[in-house]
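Asks: Here is my input, please return the structure:
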Amino acid sequence: MLEEVERWLTTRSWSVADRPLHQILAAKQRTGQTVSVVLPALNEEETVGDIVEVIRHDLVEQVPLVDEIVVVDSGSTDRTSQVAARAGARVVHRDAILPRVPAVPGKGEVLWRSLLVTGGDIVCFIDADLKEFSSDFVSGIVGPLLTEPDVDLVKAMYDRPLGGSAGQGGRVTELMARPLLNMHWPRLAGFVQPLGGEYAARRTLLEQLPFPVGYGVELGMLVDALHLVGLDALAQVDVGVRRHRHQDGQALGRMAAAIYRTAQLRLARGHLIRPALTQFERGEAGFEPRTYSVDTEERPPMVEIAEYAERKVA
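Replies: So this is what the prediction gives:
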């Protein structure tokens, strides 16, 4: 590990307990900054309501830390939107945001569009499939952005139990993302959960970053933020334990392919063929191939979008 990273681990890696809620709230009141929480959601009716209710109760009603909770529904076929709205979130459909640009499937697409329908100086992203959710996930990663003016992006770090076993989840992290980061961007080797979906950042940073439309968004954001603002502007906070729905091996394979492609684009932007990933499933006639396209599209920095610039002027 680089000496710079060893130093970073002692100066930019914290615990949620390092910043009591009253200290964070005092910093918010002193600086006048506003906080938006965004939950990207696709068929998450079982969990999204509980997450919204916890955030609203703990960080809106009990302590006025969060100014808005927005659920961006990316085409759910279940009751995600209704459940989220009933729990107290403002629900916006992905396709209703920037309709002149046709939406494509993908988490990064939803996060990018969310910048147009939120107003917070600090934007906090929380995955909508978390179970046994604690508001520490929000206050923990928002806290450093309110108390440390030179920090621009904060990732959550946590244990990830794999089902009922003692092992850790995060298989794509360990088999794909961590090796890529250590080999090609060793200054990012200190991040415990580089692909975690819980992170917060200043709007002034997010609006300058391109957004891979799919699963590569977290890795792409870390790499691009490193180049834009430097390692010391990045941080991580231990928020405990993260429990969520685990994907099967083939879904993880597709995630890994998208993440690899995101890294590949950042290593060498040139003439590259549109990649695909072929996987196999056993059918009546034996193993049958299934081929999936790999997310390659990226959205430009939001500051380049006319509607966003017009909104800021207004």
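Asks: right, and residue 205 touches residue 229 too?
Replies: Yes. Here residue 205 reaches residue 229: they are 6.3 Å apart, a contact under C-beta atoms under 8 Å. For the C-beta atoms, the positions are set from N, CA and C on the backbone; glycine is no exception.
Asks: Can you pull the residues that touch both of these two?
Replies: 152-153 (C-beta atoms under 8 Å, 6 or more residues apart in numbering).
Asks: wait, is residue 127 part of a helix?
Replies: No. According to DSSP: H, G, I helix; E, B strand; the rest coil, residue 127 belongs to no helix; its state is coil.
Asks: Leaving out sequence neighbours, find the closest residue to it.
Replies: residue 197 (3.7 Å; C-beta to C-beta, 6 or more residues apart in numbering).
Asks: What separation do you get for the one you found and residue 38?
Replies: Using C-beta to C-beta, to the nearest Å, residue 197 is found at 11 Å from residue 38.
Asks: which residue is nearest the centroid of the protein?
Replies: Central residue of the chain (C-alpha atoms, centre = their mean): residue 197, 3.5 Å from the mean position.
Asks: where in the stretch 51-200 of the chain is pLDDT low?
Replies: 162-170 (pLDDT under 70).
Asks: what about the helices in it?
Replies: Secondary structure of the stretch 51-200 of the chain (DSSP state H, counting those that start in this stretch): helices located at 80-87, 107-114, 136-147, 171-172, 178-184.
Asks: Please identify which of those is closest to residue 31.
Replies: helix 136-147 (6.4 Å; C-beta to C-beta).
Asks: buried stuff in the closest one?
Replies: Across helix 136-147, burial judged by 16 or more other C-beta atoms under 10 Å covers 136-147.
Asks: which residues do residue 197 and residue 38 both contact?
Replies: In contact with both residue 197 and residue 38: 125-126, using C-beta under 8 Å, 6+ apart.
Asks: separation between the residue nearest to the centre of the chain and residue 141?
Replies: For residue 197, the distance to residue 141 - C-beta to C-beta - is 11 Å.
Asks: Also residue 54?
Replies: Distance from residue 54 to residue 141, by C-beta to C-beta: 15 Å.
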